[in-house]
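Trainee: Fold the stuff below for me.
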Amino acid sequence: MPKNSKAVKRELDDDVRESVKDLLSNEDACDDSFKKTSLIEEERPAWNSKLQYILAQVGFSVGLGNVWRFPYLCQKNGGGAYLMPYLILLILIGIPLFFLELAVGQRIRRGSIGVWNYVSPRLGGIGFASCMVCFFVALYYNVIISWSLFYFSQSFQQPLPWKECPLVKNNSSTYVVPECEKSSATTYYWYRQALDISDSISEGGGLNWKMTLCLLAAWTLVCLAMMKGIQSSGKVMYFSSVFPYVVLICFLVRALLLKGSLDGIRHMFTPKLEIMLEPKVWREAATQVFFALGLGFGGVIAFSSYNKRNNNCQFDAVLVSFINFFTSVLATLVVFAVLGFKANIMNSKCIALNTNKIVDLLGTSLPETVIPSSVNLTNVLEVSADDYQEMIASIKKFNGSEFSKLGLDTCSIEDELNKAVQGTGLAFIAFTEAMTHFPASPFWSVMFFLMLINLGLGSMFGTIEGILTPLIDTFKVRKEFLTVGCCLLAFTIGLMFVQRSGNYFVTMFDDYSATLPLLIVVILENVAIAWFYGIDKFFEDLKDMLGFAPYRFYYYMWKYITPILLLGLLGSSVVQLAMTPPGYSAWIQESVSELRFPTWAIVVCISLVVMAMMPVPIVFLLRYFNVIGSGGRSAVAYKKGRIIQEKKYRRRNKCDPCLTCAGLRPPPPPPPSSLQTDGLKQRGGRWN
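Mentor: Residues are numbered from 1 along each chain as shown. Below is the predicted model of the structure:
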């Protein structure tokens with residue numbers, strides 16, 4: 001929230017204006033032409049309170065992935081045993097990189113483009129690559145919000161429209177839609193009613209007008225919230241960041257009161273320690289840590305750039321990271337409590353169906369004496385799970401190898417819990433099915449999808465801020481115009497996601513537009529600070545900015561451990577993509593089929609990765625060969641964490657330890673005048 005009137009004047013020294021030529025030039029921070037530049041300052045918005053800033057960072061990092069991706073990975077990779085690799089990698093990768101992005105954003109007070117231009121001009125393309133990735137992710141991420149908006153709008157009905165399969169009437173009879181009968185009511189509603197999905201990615205099928213309207217509403221919400229920058233989006237954060245926790249806690253309390261909820265939680269936290277030794281568990285845990293905190297998007301840098309100079313970002317990094325972790329655990333508890341309830345419902349139905357079959361077989365294929373005396377078959381709906389298991393054991397003992405010929409389904413709560421699906425299926429299929437069995441199900445459905453909308457919007461605000469802030473800092477355009485233009489462009493391109501084959505394009509973008517590019521971006525960020533600029537100089541900057549030295553732990557993480565782990569993660573991701581044929585899950589009639597992408601789709605996948613990373617080599621080559629920036633250069637000097645465009649003063653022929661003149665040693669300039677050194681502090685033989 002920008003502080004109006006005189007309040008912001010206290011922070012004007014923290015601001016800088018740089019021209020487009022400055023940001024694209026291969027600038028020499030100590031060039032003689034720099035001496036001719038003058039101090040130019042501009043107002044920069046600032047957060048009204050620390051709480052507002054923390055809520056913004058939490059809202060950005062805590063998103064839809066906490067509700068469906070983390071629970072799925074936890075269940076898939078050993079339950080409670082998955083939490084240990086995740087927590088270890090959160091400490092070794094997540095927190096150090098999160099702290100690094102917070103620190104550079106707060107120190108330089110620019111968006112991602114300006115930050116990495118100053119850190120290492122030849123690596124200035126990192127900021128542009130980050131903006132490209134943010135834009136790609138925003139395109140499909142807002143589509144998921146539009147799906148939530150659609151389900152939210154359909155939740156004000158009793159019964160819920162996805163509770164039962166639709167009926168088809170003709171002149172002679174009424175029957176259930178065959179496709180729905182062979183799958184399930186919620187699955188059919190998702191694929192046919194909501195998405196109206198086509199059989200393959202090559203079959204466009206035209207726009208789905210319902211989802212098109214929802215996508216328009218989603219982009220309108222984002223545009224209105226971001227119009228005034230953090231002045232408007234920050235206020236929205238008070239609701240969008242807090243409300244999901246209220247809903248999750250309400251859901252947890254309600255779910256724990258349901259029959260079978262403890263079965264789900266027990267299944268969730270039953271450790272499978274042997275799985276913990278598999279490399280894929282650590283790779284998937286690292287990937288989840290990486291994306292959960294929003295590293296590489298530029299949103300973290302953008303939000304922290306509006307902080308006060310002396311804000312304790314080291315504390316913020318630990319706080320937000322663990323809030324994110326505990327939110328994932330809370331969401332996992334809720335999801336598996338609900339899935340435990342759903343598994344018991346499905347198991348009870350299975351027991352009832354099998355018991356009916358057994359009753360029909362008595363006297364023909366089975367003698368009545370095979371039924372234990374303790375089991376009462378008068379009312380099949382009252383047969384308990386224990387009685388059923390005792391009856392099945394007796395029948396197996398009697399029939400032996402002929403048991404399979406009886407045509408009985410396998411009824412097991414564990415099997416039902418293992419059917420938990422990934423990604424969007426968890427929210428729009430499994431969770432919606434469980435809610436149909438809730439008392440007052442429309443109320444819980446409204447609350448659930450309103451929570452998803454809020455989680456999605458919180459992440460979208462940070463993603464869009466990662467695009468807008470660096471572009472505004474670079475090109476000096478009005479935020480209102482850029483926001484509207486960006487949202488209109490994104491909505492127009494996003495129409496590909498709301499055609500009948502749109503869900504397949506969402507899968508494509510999710511798999512290829514973010515994973516590899518973001519990994520490369522974060523690796524370059526780490527290397528730029530630790531090796532190009534210098535970890536020792538960066539620590540001095542942090543000490544000057546924070547007023548105390550950060551923990552030495554971060555020194556070794558940034559310089560050695562984290563880059564090695566990131567390179568290992570990048571290598572394993574490349575190997576996985578190379579060994580796995582590019583494909584997607586297609587809904588064909590009543591079942592999901594795994595299809596491979598056609599040739600043109602593979603070209604699109606490769607193009608997404610190339611387009612996202614192209615700015616890095618382009619900017620590097622332009623600056624290396626000095627193609628850009630022949631005149632009008634300027635530099636940036638630091639004084640107590642502030643960036644100013646004025647003369648650089650050095651002693652002993654050493655360049656000041658600033659982020660833009662590392663390694664440059666100009667001849668010493670004349671002593672500074674009293675006007676030029678106003679507000680500067682001399683310490684350690686150097687002017688800062």
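
Trainee: quick one, phi/psi of Ala549?
Mentor: phi -80, psi 130 (degrees, to the nearest 10).

Trainee: can you map out the helices along the stretch 351-500 of the chain?
Mentor: With DSSP state H, counting those that start in this stretch as the criterion, the stretch 351-500 of the chain has helices at 385-399, 413-417, 424-425, 431-435, 441-475, 479-494.

Trainee: Comparing those helices by mean pLDDT, which bottoms out?
Mentor: Here the helices of the stretch 351-500 of the chain differ in mean pLDDT, and the lowest is helix 424-425 at a mean of 72.

Trainee: where along the stretch 151-300 of the chain do the helices fall?
Mentor: 178-182, 185-188, 209-226, 230-240, 243-256, 261-269, 279-292, 299-304.

Trainee: Of the helices of the stretch 351-500 of the chain, which is nearest Val619?
Mentor: Closest approach to Val619 among the helices of the stretch 351-500 of the chain is made by helix 441-475 (12.4 Å; Cβ to Cβ). Glycine gets a C-beta too; all of them are placed from N, C-alpha and C.

Trainee: quick one: what helix or strand has Ser321 in it?
Mentor: When elements are assigned from DSSP states H and E, Ser321 belongs to helix 313-361.

Trainee: Poorly predicted segments of this protein, please.
Mentor: 1-44, 229-235, 420-423, 629-688 (pLDDT under 70).

Trainee: returning to that earlier point: so of the helices of the stretch 151-300 of the chain, which one's packed in deepest?
Mentor: helix 299-304 (a mean of 30; mean count of other Cβ atoms under 10 Å).

Trainee: That one packs against which elements?
Mentor: Counting by 3 or more Cβ pairs under 8 Å, 6 or more residues apart in numbering; DSSP states H and E, the packing neighbours recorded for helix 299-304 are helix 50-61, helix 95-108, helix 112-119, helix 441-475.

Trainee: Can you name the residues that contact Ala185?
Mentor: Applying Cβ atoms under 8 Å, 6 or more residues apart in numbering to Ala185 gives the contacts Trp162, Lys163, Glu164, Cys165, Glu433, Thr436.

Trainee: Need the helices of the stretch 351-500 of the chain in JSON lines (columns: mean neighbour count and distance to Val522).
Mentor: Shown next, in JSON lines, are the helices of the stretch 351-500 of the chain (neighbours: other Cβ atoms under 10 Å; distance: least, Cβ to Cβ, whole Å):
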{"stretch": "helix 385-399", "mean neighbour count": "15", "distance to Val522": "49"}
{"stretch": "helix 413-417", "mean neighbour count": "18", "distance to Val522": "35"}
{"stretch": "helix 424-425", "mean neighbour count": "19", "distance to Val522": "26"}
{"stretch": "helix 431-435", "mean neighbour count": "25", "distance to Val522": "31"}
{"stretch": "helix 441-475", "mean neighbour count": "24", "distance to Val522": "13"}
{"stretch": "helix 479-494", "mean neighbour count": "16", "distance to Val522": "23"}
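
Trainee: Can you give me every residue that contacts the closest residue to Pro85 other than its chain neighbours?
Mentor: Excluding the flanking residues, the one nearest Pro85 by Cβ to Cβ, 6 or more residues apart in numbering is Ala285, at 4.3 Å. Neighbouring residues of Ala285 by Cβ under 8 Å, 6+ apart: Leu73, Asn77, Tyr82, Pro85, Tyr86, Leu89.

Trainee: closest one to Ser394 among the helices of the stretch 151-300 of the chain?
Mentor: So among the helices of the stretch 151-300 of the chain, helix 261-269 is nearest, using Cβ to Cβ, at 24.4 Å.

Trainee: Just want the angle from the closest one to helix 313-361.
Mentor: For helix 261-269 against helix 313-361, the angle by axes from the mean of the first three to the mean of the last three Cα atoms, to 10 degrees is 120 degrees.

Trainee: Save the helices of the stretch 151-300 of the chain as CSV, and put in distance to Val119 too.
Mentor: Output for those, formatted as CSV (distance: least, Cβ to Cβ, whole Å):
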stretch, distance to Val119
helix 178-182, 56
helix 185-188, 49
helix 209-226, 26
helix 230-240, 23
helix 243-256, 34
helix 261-269, 42
helix 279-292, 21
helix 299-304, 11
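
Trainee: Out of these, which is closest to Leu339?
Mentor: So among those, helix 261-269 is nearest, using Cβ to Cβ, at 4.8 Å.

Trainee: so that closest one versus helix 243-256, what angle?
Mentor: Angle of helix 261-269 versus helix 243-256, following the same axes, to 10 degrees, is 120 degrees.

Trainee: For helix 261-269, output the C-alpha coordinates as PDB.
Mentor: Output of helix 261-269 as PDB, limited to C-alpha atoms (Å, rounded to 0.1, in the frame of the first residue of the first chain):
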ATOM      1  CA  SER A 261     -12.100 -40.000   8.800                       C
ATOM      2  CA  LEU A 262      -9.500 -41.500  11.100                       C
ATOM      3  CA  ASP A 263      -9.000 -44.400   8.600                       C
ATOM      4  CA  GLY A 264      -7.900 -41.800   6.000                       C
ATOM      5  CA  ILE A 265      -5.600 -40.000   8.400                       C
ATOM      6  CA  ARG A 266      -4.100 -43.300   9.600                       C
ATOM      7  CA  HIS A 267      -3.500 -44.300   6.000                       C
ATOM      8  CA  MET A 268      -2.000 -40.900   5.400                       C
ATOM      9  CA  PHE A 269       0.600 -41.000   8.200                       C
END
